[in-house]
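Chemist: sharing a sequence plus its predicted fold:
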Amino acid sequence: MALLPHPRKAAASITTTVGAAAGNVAHALLYGGLADLRPMPRTLIDDGNRRELYHYRPLAGETPEGDPVLLVTPLAAPALCYDLRRDCSVVEHLVETNRPTYLVEYGEVNFSDRSLGIEHWIEHVVPEAIRSVSEHAGGRPVHVVGWSLGGIFTMLTAADTPDLPIASLAVLGSPCDVRQVPLIAPLRPLLNLPPGNLVTAASRALGGAPKPLVRWAFQISSVDKMFTKPVAKLSNLADREFLAQLEAVDRFTDNIIAYPGRTFGQLYHHFFRTNALFSGQIDLGDHAVHLRDVKQPTLVVAGANDGIGPVAAVKPLVDLLTGAEELRFEVVPGGHLGLLTGRAARDTTWPLLDEWFTQHD
């Protein structure tokens, strides 16, 4: 039995690897990258104040089947989270499986939006998008999918407006106990000090959390990857898929947008300072919204390596969504973005969603 590779085979393997690496570098230089970043074709079907509702066009000659899916984006994150790149796009997967697919996004936040609070999304943007999707799909109920803060908006909307035409909810990487978030937990004792109390006023004066700050916060949550990325890139020059994914994630990060001033202040107070969601309710000023009032079947998904929504921060939702007709909790591979649209998501998160939608059509 040969314990060492044959010299000719080893040389051939090295030659193949070097050739693939050279080919990838040349292609990136000539064409500006390796990733297929073409967006899936879509049509704007409704809009309003910080609400743009898109319908993704079905494949030629195909008639979509089943109840429609509405993808709810988080604040600050671009819609690229659901359409990262070809072969790693939730939208592409849904369209190719013949599912009627819609997405709501919010456009570029600016200074004039500084007075908008989270109630604008919970009471207007998301419910109006759900109603419009149902109407556009012939009156069918809607599977609502929310990632990160989009998942929190999704749950609070369902709880606040119980008569919405919702078939099911899918909540992906949405932390409800910030004490379990490694980046935030050590800072919480400092948030109640006087300088911390000035954050809300400062964010309103500035019109919100600026894009560079939001982008930095997302990057720092994966600080280990920031330091290891150059080495990983050099080590994987022959892996076209790996390099393409890096390009797509970089584009996503570069397109992160700002938070409106009042919304940022509310998130800072409710989520970071008081950890209010862990109690199962959020105060919207004139009334409170309780997670126990979510009645629809709900799928909760956490990423095994998520630094923003770690398993321990997401799992408490199981004990808070007590009114849900059915509740399912799953852990999948990947970090915060990876659980949604990483390379492993094709075989984990996406089939899980397909099964969930079919079960509750």
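Modeler: Now that the structure is in, tell me what you want to look at.
Chemist: go ahead and confirm residue 236 touches residue 242.
Modeler: Yes - the pair residue 236 / residue 242 is scored as a contact, 4.3 Å apart, by Cβ atoms under 8 Å. Bear in mind the C-beta positions are built from the backbone N, C-alpha and C, glycine included.
Chemist: can you pull the contacts of residue 106?
Modeler: Residues counted as contacts of residue 106 (Cβ atoms under 8 Å, 6 or more residues apart in numbering) are 50-52, 73, 75, 121, 125.
Chemist: am I right that residue 357 falls within a strand?
Modeler: No - assigned with DSSP: H, G, I helix; E, B strand; the rest coil, residue 357 falls outside any strand and is helix.
Chemist: ok, it to residue 151 distance?
Modeler: As for residue 357, its distance to residue 151 is 16 Å (criterion: Cβ to Cβ, to the nearest Å).
Chemist: more neighbours: those two, which one.
Modeler: residue 151 (28 against 22; other Cβ atoms under 10 Å).
Chemist: in which helix or strand does that one reside?
Modeler: Taking DSSP states H and E as the criterion, residue 151 maps to helix 149-160.
Chemist: need the mean per-residue confidence for that helix.
Modeler: For helix 149-160, mean pLDDT is 97.
Chemist: now it - C-alpha only, PDB.
Modeler: The C-alpha trace of helix 149-160 is given here as PDB (Å, rounded to 0.1, in the frame of the first residue of the first chain):
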ATOM      1  CA  LEU A 149     -34.100  42.700  12.000                       C
ATOM      2  CA  GLY A 150     -36.500  41.800   9.200                       C
ATOM      3  CA  GLY A 151     -37.500  38.700  11.100                       C
ATOM      4  CA  ILE A 152     -38.200  40.900  14.200                       C
ATOM      5  CA  PHE A 153     -40.300  43.200  12.100                       C
ATOM      6  CA  THR A 154     -42.100  40.200  10.700                       C
ATOM      7  CA  MET A 155     -43.000  38.800  14.100                       C
ATOM      8  CA  LEU A 156     -44.100  42.200  15.600                       C
ATOM      9  CA  THR A 157     -46.200  42.900  12.500                       C
ATOM     10  CA  ALA A 158     -48.000  39.600  12.800                       C
ATOM     11  CA  ALA A 159     -48.600  40.100  16.500                       C
ATOM     12  CA  ASP A 160     -49.800  43.700  16.000                       C
END
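Chemist: any idea how far stretch 148-155 is from the chain center?
Modeler: Here stretch 148-155 is found 9 Å from its chain centre; the criterion is Cα atoms, centre = their mean, to the nearest Å.
Chemist: can you list contacts of it?
Modeler: The contact list for stretch 148-155 (Cβ under 8 Å, 6+ apart) reads 71-77, 81, 118, 121-122, 126, 144-146, 169-174, 176, 267, 277, 291, 294, 298, 308-309, 317, 321, 336.
Chemist: how about a cut-off of 6 Å?
Modeler: Contact with stretch 148-155 is made by 72-75, 121, 126, 144, 146, 169, 171-174, 294, as judged by Cβ atoms under 6 Å, 6 or more residues apart in numbering.
Chemist: setting aside sequence neighbours, what's the nearest residue to the residue nearest the centre of the chain?
Modeler: Closest to where the C-alpha atoms of the chain average out (Cα atoms, centre = their mean) is residue 147, at 3.5 Å. Distances taken as Cβ to Cβ, 6 or more residues apart in numbering put residue 172 closest to residue 147, at 4.6 Å, once the chain neighbours are dropped.
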